[in-house]
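Asker: here's a sequence, model it:
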Amino acid sequence: MTAPDDTQTGWQDVAVRDAVAIMRHAHAAELALCDRLEEIADSLPNGLDRRNCLLTARALGPTMAKIHRFEERRIFPYFCVRLGNSAEADKTVERLKNEHLEDEGSAAELRDALRFAARHGVADNPEMLGFMLRGYFGAVRRHVAFERDHVIALLAPPGYIST
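Answerer: Presented below is the predicted three-dimensional model:
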């Protein structure tokens, strides 16, 4: 893991602040996606919006992986440095990275199921799709909440207000 250079504190403060701002935006996008997934789950079994299924399936693609890679490359190293490169920080980052992998695997399965629903106008198995959707958006919302409350809160500059 690459640690930021402490000798460049002014630059580092700006870089951390910028990374935090990007993460706040990414979190908002992830939560908006969760809202769309919840709308789809609530519409099952008979009220599926084919267009919404297709657009949501597309959003589950590379965008989520891109957000995860940004966190892993930019946010997590700052987090570890802020916690003195402790074993606790390493353990937290490892857990979050594992959640990223799990979420990306679930997202791939959801993409396939949502594409099927978009093509056919019905879910292959509405109960299972509802279960998958709720499990996914519940896990993502918990993940985002943890990152906001523990990772971003630690990195945020004084006076920073989380929304």
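
Asker: poorly predicted segments of this protein, please.
Answerer: 1-12, 157-163 (pLDDT under 70).

Asker: please redo it, this time with the cut-off set to 90
Answerer: 1-15, 61-64, 156-163 (pLDDT under 90).

Asker: now the helices for it?
Answerer: 9-43, 50-59, 62-70, 76-82, 87-120, 126-146, 153-155 (DSSP state H).

Asker: what's the most buried one of these?
Answerer: helix 76-82 (a mean of 19; mean count of other C-beta atoms under 10 Å). No exception for glycine: its C-beta is placed from N, CA and C like everyone else's.

Asker: on contacts alone, who are the packing partners of that one?
Answerer: helix 9-43, helix 87-120, helix 153-155 (3 or more C-beta pairs under 8 Å, 6 or more residues apart in numbering; DSSP states H and E).

Asker: for residue 32, see how far away residue 116 is.
Answerer: 23 Å (C-beta to C-beta, to the nearest Å).

Asker: with residue 13 instead?
Answerer: For residue 13 relative to residue 32 (C-beta to C-beta), the value is 29 Å.
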